[in-house]
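*Asks:* Build the 3D model from these lines:
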Amino acid sequence: MGNKIDITSTAVEKGIDLAKDFLDKLIIPAVEETGLLLKDKVTLWKFKNQVRILNKAKDYCEKNNISPKTISLKLLCPLLDNASLEEEEELQDKWAILLSNLVDSDQNIENHVFPYILGQISTNEFLFLEKVYNDKRERIKKLNQELEIFKKEKPELEKTCQQEVDLVDQEIQKIKAEGKHSFSSEIWELQKVKREKEWKLNSLKYKESGILRKINEPEVIPESELRGFELSNLTRLGLIKLTQETYANSQTLEIPKHDEYRQEEYVRVDVDIEIESNIEHIMTELGELFIDACTEKNKKST
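*Replies:* Residues are numbered from 1 along each chain as shown. Coordinates of the predicted model:
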């Protein structure tokens, strides 16, 4: 900890100047007054990491047309301190992206827990969460497309289904007009077809709500891709949680019933109710917000 920082290198000096210039935009007072990067007790290794991450954040801001806003030292100092300990290049990129998002006034992120969380997880854990997050986004994208297509097609589908129901009903009325009994096998078969088409028509009324329900479902964690301690760590941090869904199943018995007009008719009786539970881990809202905060936002230049 007693090592002195060598800043004689031209490359290091240039990096320091760029980092200081960027840092001056993020905090008040200026860097010279805070001594944020140049503390005597900061090791050269930590210092270089801070410079590297600050310059990466600067590049992300320029690339995505972000005008950095000032943020509190209470948020910035712990972020840089934790980020300076990061050895892996992939997570250093995430620290830089997180910082660029935190200083983006358009996003207005003021969450002090995100830097803490990022400092508590491994690269494997982060990439796992990122994949789950992206899988959910892709699922929702496809479901939204399906919903929009269905909304456009629904009026014509309902019209077609109703016409099919009316045609079968007309056929039934025609046969009845010929004097055939309502319980004749011919009418019975047509009534069966009519019920099927009515069910298809009614199902259209619930399809939209069904798609919306799928869109709002949490993303289930593929637990087999994580080791036990990784699962425990992500749960500890509140990024995933264990859920239990309980539901009942009943066994149905079909008892033949004699009827002089109908050849096949059954009485159905539900017996032996079984209670089952579905236990699984899901990604929490905090987990989604955290990954989103560490995801680069591609903005169009204005």
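*Asks:* going forward, measure contacts and count neighbours with C-alpha atoms only.
*Replies:* Will do.
*Asks:* now the helices for the stretch 151-300 of the chain?
*Replies:* According to DSSP state H, counting those that start in this stretch, the stretch 151-300 of the chain carries its helices in the segments 185-215, 228-236, 285-293.
*Asks:* Reformat these as JSON lines; add mean neighbour count.
*Replies:* As requested, the helices of the stretch 151-300 of the chain are arranged in JSON lines below (neighbours: other Cα atoms under 10 Å):
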{"stretch": "helix 185-215", "mean neighbour count": "15"}
{"stretch": "helix 228-236", "mean neighbour count": "15"}
{"stretch": "helix 285-293", "mean neighbour count": "19"}
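*Asks:* Dump those into TSV; add distance to Glu130 and mean pLDDT as well.
*Replies:* Shown next, in TSV, are the helices of the stretch 151-300 of the chain (distance: least, Cα to Cα, whole Å; pLDDT from 0 to 100):
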stretch	distance to Glu130	mean pLDDT
helix 185-215	18	88
helix 228-236	13	95
helix 285-293	6	94
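*Asks:* Looking at the ones you listed, which is nearest to Ile66?
*Replies:* Distance to Ile66, taken as Cα to Cα, is lowest for helix 285-293 among the helices of the stretch 151-300 of the chain, at 14.4 Å.
*Asks:* which helices and strands sit right next to the closest one?
*Replies:* Under the contact definition 3 or more Cα pairs under 8 Å, 6 or more residues apart in numbering; DSSP states H and E, helix 285-293 sits against helix 89-102, helix 123-177.
*Asks:* just the ones you listed: most buried one?
*Replies:* Comparing those by mean neighbour count (mean count of other Cα atoms under 10 Å), helix 89-102 comes out on top with a mean of 23.
*Asks:* quick one: average pLDDT of that one?
*Replies:* Here helix 89-102 scores 94 as its mean pLDDT.
*Asks:* Which other helices and strands does it contact?
*Replies:* Secondary-structure packing of helix 89-102 (3+ Cα pairs under 8 Å, 6+ apart): helix 44-63, helix 73-83, helix 113-118, helix 285-293.
*Asks:* and among the ones you listed, the most buried is which?
*Replies:* helix 44-63 (a mean of 20).
*Asks:* Next, the angle from that one to helix 89-102.
*Replies:* Angle of helix 44-63 versus helix 89-102, following axes from the mean of the first three to the mean of the last three Cα atoms, to 10 degrees, is 50 degrees.
*Asks:* hang on, the earlier thing: make CSV from the helices of the stretch 151-300 of the chain and add distance to Ala83 to it.
*Replies:* What follows is those, written out as CSV (distance: least, Cα to Cα, whole Å):
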stretch, distance to Ala83
helix 185-215, 35
helix 228-236, 19
helix 285-293, 15
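*Asks:* For Lys46, which of the ones you listed is the nearest?
*Replies:* Set against Lys46 and scored by Cα to Cα, the helices of the stretch 151-300 of the chain come closest in helix 285-293, at 23.3 Å.
*Asks:* export the closest one as PDB, just CAs?
*Replies:* The C-alpha coordinates for helix 285-293 follow below in PDB (Å, rounded to 0.1, in the frame of the first residue of the first chain):
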ATOM      1  CA  GLU A 285     -37.700  -7.100 -11.000                       C
ATOM      2  CA  LEU A 286     -34.400  -6.000  -9.300                       C
ATOM      3  CA  GLY A 287     -32.500  -8.500 -11.400                       C
ATOM      4  CA  GLU A 288     -34.000  -7.100 -14.600                       C
ATOM      5  CA  LEU A 289     -33.400  -3.500 -13.600                       C
ATOM      6  CA  PHE A 290     -29.800  -4.300 -12.700                       C
ATOM      7  CA  ILE A 291     -29.000  -6.100 -16.000                       C
ATOM      8  CA  ASP A 292     -30.700  -3.300 -17.900                       C
ATOM      9  CA  ALA A 293     -28.600  -0.700 -16.000                       C
END
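*Asks:* and that helix with helix 123-177, angle?
*Replies:* 110 degrees.
*Asks:* Could you list the low-pLDDT ranges of the protein?
*Replies:* By pLDDT under 70, the weakly predicted segments of the chain are 1-12, 27-43, 180-183, 245-277, 299-302.
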